[in-house]
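S.K.: Sequence plus the predicted model coming up.
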Amino acid sequence: MTRLLVALAILFAVGGIKLPIERDLATLHRQEHFRGVEFNLDLREKLGQLGFVAALSGFRAIVADALFIQAHVAWERTEWGRILLLFRHLTTLQPRVLLFWDTAAWHMAWNASVAAMNDRTQPRLALRVKAQREYFALGKDFLERGIKNNPDRPQLYEALARLYKEKYKDHQRASEFYAKAAAVPDAATFDRRFSAYELSYCEGREREAYERLRGLYDEGDQERLPTLIARLKFLEDKLTIPQDQRIPDKVAVGK
C-alpha cells in the first residue's frame, strides 16, 4: 500500500507539472485533428489503477506500448475478442499513431476473418460467412475512425482502399479511397495509378477510367508500367477506340 501511494504521488506530481504545458498544446492538438482520449470507466478497468493514473498524468505512450505488447501476445494465442478490446484502447490513447489503426484493421479484416471462415467448430457455412463479414466491418470501422483522426495522412486511405478491393470486392470504393490518398500531401506516386486501375474494373465507368489511364500514360515513360498498359489496352478494346488513337503495341515500359 505504501508503494502504491508513493507511486500515485509521483505520478500526480509529474502530471501537475505537465498540466500547464498540455493545456497550451490543446489548440495545436485540435488543429492536428487529435481527438483526445476518452477516460471512461471501461478504460479504467482495462488499464488497472496505476495504468489509468499514468495515462491521466501524460504517460499515454508508455501505457499504449504496454498494451501493444499485450495485443501481440493475444494475436499469438488467436484471442480475437481480446485483440479487439486492446486495440480499441490503444487507438483511444494514441489516435495519431497510424500503426495502431492499421494493425487493428489488419487483425480484424484479415486474420480474424480468415480464422472465422476456417472455424471447424462451426459446421454451418452461413454462420462462418456472417462472422467473417462482421470482422470485415470491424476492420473498416478502425480505418474509418483512424482517418477521422488523421485526415492529413495518406496511409489509412490506402489501407481502406485495399480492404474494399480485397475483402468487399468493391472496386469503385477502392478507387475513391486511392484518389483520396492521392489528394493528401506526400502521397505515394502509385495512388493515382491504383485509383485509375480500380476504376477500370467498374461497369459503366470505363470511359472515365480510360481517360484517366491515358492521361497517366501521356505523362511519360515513368507512368508506362505493365499494369497500366494492360488495363489501357483492355479499355481500348472494350470502348472500340479507333486504331489511330490507340497506344502502340510495343512500348518501352518500366518495372
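M.R.: Done, it's in.
S.K.: hey, let's count contacts and neighbours off CA atoms from now on
M.R.: OK.
S.K.: Where does pLDDT dip in the stretch 51-200 of the chain?
M.R.: Low-confidence segments of the stretch 51-200 of the chain, defined by pLDDT under 70, span residues 51-58.
S.K.: which residues in it form helices?
M.R.: Remark: helices assigned in the stretch 51-200 of the chain by DSSP state H, counting those that start in this stretch are 60-76, 80-93, 98-106, 113-117, 125-149, 155-166, 171-182, 190-199.
S.K.: and the last one, how far out from the chain's middle?
M.R.: In terms of Cα atoms, centre = their mean, to the nearest Å, the gap separating the centre of helix 190-199 from the centre of its chain is 17 Å.
S.K.: Okay, buried residues for that helix please.
M.R.: For helix 190-199, burial by neighbour count (16 or more other Cα atoms under 10 Å) applies to 191-199.
S.K.: which helices and strands sit right next to that helix?
M.R.: Secondary-structure packing of helix 190-199 (3 or more Cα pairs under 8 Å, 6 or more residues apart in numbering; DSSP states H and E): helix 171-182, helix 206-217, helix 226-238.
S.K.: Tell me which of these sits most buried.
M.R.: helix 171-182 (a mean of 24; mean count of other Cα atoms under 10 Å).
S.K.: Provide the contact partners of it at residue level.
M.R.: 153-155, 157-158, 160-165, 187-189, 191-192, 194-199, 201-202 (Cα atoms under 8 Å, 6 or more residues apart in numbering).
S.K.: any chance of the helices and strands packed on helix 190-199 in JSON lines, with distance to residue 146 too?
M.R.: Listed next are the helices and strands packed on helix 190-199 as JSON lines, based on distance: least, Cα to Cα, whole Å:
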{"stretch": "helix 171-182", "distance to residue 146": "13"}
{"stretch": "helix 206-217", "distance to residue 146": "29"}
{"stretch": "helix 226-238", "distance to residue 146": "30"}
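S.K.: between these, which gets nearest to residue 147?
M.R.: Closest to residue 147 of these is helix 171-182 (Cα to Cα; 10.4 Å).
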